[in-house]
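Colleague: Model the structure of this input:
(one chain, ligands or ions: 6)
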Amino acid sequence: MALNIPFVVKVVLFFCLMNVAEAGVIEADNNRQPQQIHIAYGDDVSKMIITWSTFKDTASAVLYGLSSRNLSMSQQGSSSEFIDGGSEKRSQFIHVVELTGLVPNTTYYYVVGSGQGWSSVFYFKSMPAGEDWGPSLVVIGDLGSANAQSLPRLELDAAQGMYDAIIHVGDFAYDLQADNARVGDRFMNQVESLTATLPYMTCPGNHEYYYNFSNYRARFNMPNDNKKMYYSFNMGPIHFVSLSTEFLYFPYFGYNQIFEHYDWLKKDLMDANLPENRAKRPWIVTFGHRPMYCSNNDNDDCTSHESLVRVGVPMLNIPGLEPLFYEQGVDLSIWAHEHSYERLWPVYNMKVENGSYDEPYTNPGGTTHIITGSAGCSERVEYFEKNPPDWSAFRSSDYGYTRMKFFNKTHLYVEQVSDDQGGQIIDSFTLIKDQHGPFEKLKKTF
Ligand SMILES: *[C@@H]1O[C@H](CO)[C@@H](O)[C@H](O)[C@H]1NC(C)=O
Ligand SMILES: *[C@@H]1O[C@H](CO)[C@@H](O)[C@H](O)[C@H]1NC(C)=O
Ligand SMILES: *[C@@H]1O[C@H](CO)[C@@H](O)[C@H](O)[C@H]1NC(C)=O
Ligand SMILES: *[C@@H]1O[C@H](CO)[C@@H](O)[C@H](O)[C@H]1NC(C)=O
Ligand SMILES: *[C@@H]1O[C@H](CO)[C@@H](O)[C@H](O)[C@H]1NC(C)=O
Ligand SMILES: [Fe+2]
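Modeller: Ligands and ions are numbered 1, 2, ... in the order given. All right, here's what the predicted structure looks like:
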């Protein structure tokens, strides 16, 4: 699409945004050309966070408007230098601009950059206001740069407007820091057609751990995250919570983070359960990388002993998350890490908590979990133990990803796409909740 910025705007921007030291030299070399453009929701419907990289520092501007022929609004942001931890100490400048004052449910066209180079035109839709609408999301886990098998299908889905946003449940690029972070750069460019158009909401996985998660922290700007790698956001009738399961597995980066994360999570879930909040946004959905349950045959802790995420480390007074999710009535928990797809019956403490035998997902007595980590990466797929445990409802080692459609405050539909089988839906279920809240309380109602 041709970019048509009015001449006056161009001239003004050229003089405003040019590096002073280089005034007079009209230069737009590749190192100042924006790349790796991706967006994320801000902390309310009127905001969008836009992030990109350049290899030489430039100003940080987004020009935007309601048509690609009229990018008359502009917003400045800032850049910071990110130096990868590898031997080359490769440097790049990561730019972030937060757009504010957006009209909800509106398509905006935008370019990012500076007088030294602008991106092509992208567009996004701001989040609709209020709770009475039905978000559609796609959930991916464990997507690498090499063998990104599901990516073409995801790109076509997204191009056809199937989704409002993407959730990536950890493990990016394989790995963001590999080859002195060139693999990370390549990955962020590979997914750009998705992530410059759809809010890309993330959480960290184990593959991000290098140099204390510095590539993850630098490359992603999530709402209210403050680079702590956990946050929550509201979308229509849903309260989404993004978790950091990795603090438990890499305690040497900071033991205290485990407790700060837990305390924050507890407070966040308690706020979400205040009667006025839960009435408005009855769905509570969490996503974090390493699962509480899984039945793969790869000796991860969810198979070989108790999952740290589920039970914590009682000897060290590290609480597990499952009791908290039960107390606070988390409806759906999404995980990845296992390179496969697994759906559980509603469960608590290893015990199946079906709503009823015939309708297990109607008013269940515990959280429903899915594990979706088969988007495609160089480590390929993973397989399962022979005999599924009682809580395991469906398993597949096909490459693929998960779609979620929130019909309304009572009905949430989930389906699994198999890329191996040409996009076929290989699993689906509808979680139906006439009431939401702490499971103990609901038990007394039904
Ligand atoms: C361009 O967009 C701005 C703000 O959205 C609007 O005020 C202005 O009238 C538009 N100009 C044209 C030529 O459409
Ligand atoms: C968003 O806008 C579309 C038309 O562009 C409309 O059909 C839809 O109802 C709107 N959604 C909300 C929640 O306002
Ligand atoms: C790792 O990063 C976190 C967050 O910035 C910081 O609090 C912690 O001290 C760091 N740990 C080490 C070992 O550098
Ligand atoms: C839960 O419901 C499913 C579907 O009807 C059933 O196959 C499974 O055996 C049930 N589990 C228990 C423990 O009742
Ligand atoms: C919610 O959506 C489901 C599925 O489309 C529908 O059957 C149900 O009637 C809807 N409930 C309300 C209150 O609109
Ligand atoms: Fe992982």
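Colleague: burial count for Lys280?
Modeller: 17 (other C-beta atoms under 10 Å). For glycine as for every other residue, the C-beta is placed from the backbone atoms N, C-alpha and C.
Colleague: again, but for Phe124
Modeller: 22.
Colleague: Please apply the same query to Gln75.
Modeller: 17.
Colleague: name the element the residue in the stretch 1-150 of the chain positioned nearest to ligand 4 belongs to?
Modeller: Among all residues of the stretch 1-150 of the chain, Val139 sits closest to ligand 4, at 23.0 Å; criterion: C-beta to the nearest ligand atom. Assigned by DSSP states H and E, Val139 belongs to strand 136-140.
Colleague: Identify the residues contacting stretch 269-284?
Modeller: 131, 232, 234, 236-239, 241, 324-325, 328-332, 406, 409-410, 412, 433, 436-438 (C-beta atoms under 8 Å, 6 or more residues apart in numbering).
Colleague: How about it, which residues are buried there?
Modeller: 269, 272-273, 278, 280-284 (16 or more other C-beta atoms under 10 Å).
Colleague: hmm, back to that, Three-state assignment for the nearest residue to the residue of the stretch 1-150 of the chain closest to ligand 4 once chain neighbours are set aside, please.
Modeller: Nearest residue to Val139, sequence neighbours excluded (C-beta to C-beta, 6 or more residues apart in numbering): Thr402, at 4.2 Å. Following DSSP: H, G, I helix; E, B strand; the rest coil, Thr402 is assigned to strand.
Colleague: Quick check: Thr402 touching Asp419?
Modeller: No. Assessed by C-beta atoms under 8 Å, Thr402 is found out of contact with Asp419, at 11.9 Å.
Colleague: just the helices in the stretch 251-400 of the chain please.
Modeller: Assigned by DSSP state H, counting those that start in this stretch, the helices in the stretch 251-400 of the chain fall at 256-272, 275-280, 301-304, 308-311, 322-327.
Colleague: domain ranges for this protein?
Modeller: Per the record, the chain has its domains at 7-125, 136-445, by automatic domain parsing.
Colleague: Give me whichever of those domains is most buried.
Modeller: For the domains of the chain, the largest average neighbour count (mean count of other C-beta atoms under 10 Å) is found in domain 136-445, namely a mean of 20.
Colleague: What residues does the chain have near ligand 3?
Modeller: 212, 253-254 (C-beta under 6 Å from any ligand atom).
Colleague: Now do the same contact list for the closest residue to Gln76 other than its chain neighbours.
Modeller: Spatial nearest neighbour of Gln76, excluding adjacent residues (C-beta to C-beta, 6+ apart): Ala61 at 5.5 Å. Neighbour list for Ala61: 13, 17, 74-77, 97, 112-114 [criterion: C-beta under 8 Å, 6+ apart].
Colleague: Which residues of this structure lie near ligand 2?
Modeller: Residues of the chain lying near ligand 2 (C-beta under 6 Å from any ligand atom): 105, 128, 133.
Colleague: what's the pLDDT at the residue nearest to the second one when sequence neighbours are not counted?
Modeller: Using C-beta to C-beta, 6+ apart and skipping residues adjacent in sequence, the residue nearest Pro128 is Asn105, 3.9 Å away. At Asn105 the predicted local confidence, pLDDT, stands at 98.
Colleague: State the distance from Asn105 to Phe124.
Modeller: Distance, Asn105 to Phe124, by C-beta to C-beta, to the nearest Å: 12 Å.
Colleague: shared neighbours of these two, anything?
Modeller: With C-beta under 8 Å, 6+ apart, Asn105 and Phe124 have no common neighbours.
Colleague: low-scoring stretches of the chain, by residue?
Modeller: Applying pLDDT under 70 to the chain flags residues 1-29, 445-446.
Colleague: so which residue of it comes closest to ligand 1?
Modeller: Counting by C-beta to the nearest ligand atom, the chain gets nearest ligand 1 through Asn70, at 3.7 Å.
Colleague: Just give the closest residue to Val311, not the sequence neighbours.
Modeller: Per C-beta to C-beta, 6+ apart, closest to Val311 is Gly320, 3.9 Å.
Colleague: that older thread, restricted to strands, list the contacts of stretch 269-284.
Modeller: 232, 234, 238-239, 241, 332, 406, 412 (DSSP state E).
Colleague: Out of those residues, the closest to ligand 2 would be?
Modeller: Nearest to ligand 2 among the ones in strands among the contacts of stretch 269-284, with distances taken as C-beta to the nearest ligand atom, is Phe406, at 12.2 Å.
Colleague: residues touching the closest one, list them.
Modeller: 134-136, 236-238, 283, 412-413.
Colleague: Just the closest of the residues of the chain next to ligand 2 to ligand 3, please.
Modeller: Nearest member of the residues of the chain next to ligand 2 to ligand 3, counting by C-beta to the nearest ligand atom, is Pro128, at 34.1 Å.
Colleague: Shouldn't that closest one be within a strand?
Modeller: No. Judged by three-state DSSP, Pro128 forms no part of a strand; its state is coil.
Colleague: Assess the claim that it and Val45 are in contact.
Modeller: Yes. Pro128 lies in contact with Val45 (C-beta under 8 Å); the separation is 7.1 Å.
Colleague: Touching both of the two, which residues are there?
Modeller: Joint contacts of Pro128 and Val45 (C-beta under 8 Å, 6+ apart) are Pro104.
Colleague: on that earlier part again, wait, which of the helices of the stretch 251-400 of the chain is closest to Asn189?
Modeller: Closest approach to Asn189 among these (C-beta to C-beta): helix 256-272, 30.5 Å.
Colleague: between the closest one and strand 238-242, how big is the angle?
Modeller: Per axes from the mean of the first three to the mean of the last three C-alpha atoms, to 10 degrees, the angle that helix 256-272 makes with strand 238-242 is 180 degrees.
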